[in-house]
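1. Would you be able to build a 3D model of this:
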Amino acid sequence: VPEIIISPAADGSFALKAYDATLEGESLSLEGPENNPNLGYWTNEKDAPLWKLNVPNAGKYQVQLNYAVDAGSEGSTLVVYVDGVDSGVKGTVKATGSWQNYRTATLDGALELTSGRHVVKIVVTKKTGFGVMNLRKVELTRIAQ
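-> Residues are numbered from 1 along each chain as shown. I've put the predicted structure just below:
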């Protein structure tokens, strides 16, 4: 499998899509339609998706998740790691109505990235329901300095 390195869009934002993720663990897997898949079967809290980024210019980023979670499985908590270190950006997964009903939520805090190569990883700190969530995409949007 060739290594996928994600570069930013013209506005400096990053779209970390499900099919570009490297998956750690045993259950988490790519599923759904080929043109818009998601990461599902996230039933083990030790599983984690990660993305490799090439950041041309240092900056701060807002982190948004496009996800779905069934009623009864909401409440898991997660943090964003950069290069193996807790970035302080975190959130709690809120119910969206079903595993197919996607919404976008903004995590708390700002992600600081220096220029260069980085690994961004979503780490579950607590799993409350059957599965953490179905995750389609993580968006990093530059915050104006």
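2. In stretch 121-132, which residues are buried?
-> For stretch 121-132, a neighbour-count test (16 or more other CB atoms under 10 Å) marks 121, 122, 123, 124, 127, 129, 131, 132 as buried. Quick note: C-beta positions are derived from backbone N, CA and C, even for glycine.
3. low pLDDT regions in the chain?
-> Low-confidence segments of the chain (pLDDT under 70): 1.
4. again, only this time at 50
-> Applying pLDDT under 50 to the chain flags no residue at all.
5. Where do the strands of it begin and end?
-> With DSSP state E as the criterion, the chain has strands at 5-6, 14-17, 22-24, 29-31, 38-40, 48-55, 59-68, 77-82, 85-92, 103-106, 111-113, 116-126, 134-142.
6. can I assume residue 107 is in contact with residue 77?
-> No - using CB atoms under 8 Å, residue 107 is not in contact with residue 77, being 10.6 Å away.
7. out of the two, which sits in the busier spot?
-> A direct count of neighbours by other CB atoms under 10 Å for residue 107 and residue 77 places residue 107 higher, at 20 against 16.
8. who's in contact with the more buried one?
-> Listed by CB atoms under 8 Å, 6 or more residues apart in numbering, the contact set of residue 107 reads 62, 63, 64, 65, 80, 89, 90, 91.
9. Touching, the third one and residue 108? I think so.
-> So the one you mean is residue 64. No - using CB under 8 Å, residue 64 makes no contact with residue 108, being 11.6 Å away.
10. Just give the number of residues close to residue 55.
-> Residue 55 has 20 neighbouring residues, counting by other CB under 10 Å.
11. overlap in contacts of residue 107 and residue 77?
-> Counting by CB under 8 Å, 6+ apart, the contacts common to residue 107 and residue 77 are 90, 91.
12. what separates residue 65 from residue 39, distance-wise?
-> Residue 65 sits 11 Å away from residue 39, going by CB to CB, to the nearest Å.
13. Please enumerate the shared neighbours of these two.
-> Residues touching both residue 65 and residue 39 (CB under 8 Å, 6+ apart) are residue 135.
14. Which of the two has more residues huddled nearby?
-> When residue 65 and residue 39 are compared for neighbours, residue 39 comes out ahead with 27 against 22, by other CB under 10 Å.
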